[in-house]
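# please work out how this folds:
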Amino acid sequence: MIKLTATLWIWSGESATWHFMTVPEAMAGEIRAESFARRGGFGSVRVEATVGDVTWRTSVFPQKSGGYILPVKADVRRRAGIAAGDEVELVLEIL
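The predicted model follows:
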């Protein structure tokens, strides 16, 4: 289990805007170690994420910096009452 505080941030592309939280490199070792044989496309790792009382399943994706990014869908943001720029307590379980 990984517990951290992360800032919800926005990435805007040509046709969409996405919200993410970053798992820093210093905490990424546990993800890499526990998921060694279970990585998906693009090095993604399946996780169960919890913010407050909202839990969902998704994947984290590796960054060149050594950390991972966690996508946060609109439905999750609405149910958790969070918005871009918020500092969020996050718990990740590797599946």
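# CA atoms for contacts and neighbours, from now on please.
OK.
# you'd agree Ala33 is in a helix?
Yes - assessed with DSSP: H, G, I helix; E, B strand; the rest coil, Ala33 lies in a helix.
# pull the contacting residues for it.
Listed by C-alpha atoms under 8 Å, 6 or more residues apart in numbering, the contact set of Ala33 is empty.
# quick one, grab the pLDDT at it.
Ala33 is assigned a predicted lDDT (pLDDT) of 77.
# if I look at the most centrally placed residue in the chain, how far off is Ala26?
Among the residues of the chain, the one closest to the centroid is Leu70, at 2.0 Å (C-alpha atoms, centre = their mean). Using C-alpha to C-alpha, to the nearest Å, we find Leu70 at a distance of 15 Å from Ala26.
# low pLDDT regions in this structure?
By pLDDT under 70, the low-scoring segments of the chain are 35-42.
# how about 90 then?
Residue ranges of the chain with pLDDT under 90: 12-16, 26-44, 65-66.
# can you show me the helices along the chain?
Using DSSP state H, the helices of the chain run over 25-34, 74-80.
# between those, which gets nearest to Val47?
helix 25-34 (9.3 Å; C-alpha to C-alpha).
# only alpha carbons, please: show the closest one as PDB.
Output in PDB follows, covering the C-alpha atoms of helix 25-34 (Å, rounded to 0.1, in the frame of the first residue of the first chain):
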ATOM      1  CA  GLU A  25      10.100   8.700  -8.100                       C
ATOM      2  CA  ALA A  26      10.900   8.300  -4.400                       C
ATOM      3  CA  MET A  27       7.700   6.300  -4.000                       C
ATOM      4  CA  ALA A  28       7.700   4.500  -7.300                       C
ATOM      5  CA  GLY A  29      10.100   1.800  -6.300                       C
ATOM      6  CA  GLU A  30       7.300  -0.100  -4.600                       C
ATOM      7  CA  ILE A  31       5.200   0.000  -7.700                       C
ATOM      8  CA  ARG A  32       8.000  -1.300  -9.900                       C
ATOM      9  CA  ALA A  33       8.900  -4.000  -7.400                       C
ATOM     10  CA  GLU A  34       5.400  -5.300  -6.800                       C
END
